[in-house]
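# Take a look and give me a structure for this.
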Amino acid sequence: MLSEEELLELKKILDRNPTLTNTYQHVREFADMLTQRKGHQLTSWLHDVETNGAPALRSFAAGLRNDLSAVAAGLSTDYSSGAVEGTVNRIKMIKRQMFGRANFDLLRKRILNPA
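Prediction:
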């Protein structure tokens, strides 16, 4: 949350450039969809960005369109694969650390019996 002084400074910056104001608004809307689980608003947000968004946001929107159903589900449900992704990341880190130094048996022991 921004302080009152920071909000005034932000307003001054945004008043100088309408494109920046538009981009700020789109980013805030997306952040709201993300935190409030409003995946049903994604298609209208994408349409708005594609019609009058900054080039970088249009590129981001095009990437989201490639897998629209998965992105909408991710913005709508409370379920997350974060724990699984964290475990996979840990295993990959251990594997990188051991590259060229040991065989699969030691990798298996390090993963199953973390010290």
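# CA atoms for contacts and neighbours, from now on please.
Will do.
# residue ranges of the helices in the chain, please?
Ranges of helices within the chain are 4-16, 18-36, 42-52, 55-65, 68-76, 82-97, 104-112, based on DSSP state H.
# Excluding covalently adjacent residues, which one is nearest to Met98?
Of all residues not flanking Met98 in the chain, Leu107 sits nearest, at 7.5 Å (CA to CA, 6 or more residues apart in numbering).
# what sits against that neighbour?
94-95, 98 (CA atoms under 8 Å, 6 or more residues apart in numbering).
# which one of the residues you listed has the most neighbours?
Lys95 (17 neighbours; other CA atoms under 10 Å).
# For Asn66, give its distance to Ala72.
To Ala72, Asn66 is 12 Å away according to CA to CA, to the nearest Å.
# ditto for Val88
24 Å.
# what's the answer for Gln25, then?
20 Å.
# Then Phe104?
From Phe104 to Ala72 the distance is 39 Å (CA to CA).
# repeat for Thr23
Relative to Ala72, and taking CA to CA, Thr23 is found at 21 Å.
# residue closest to the middle of this structure?
Leu34 (8.5 Å; CA atoms, centre = their mean).
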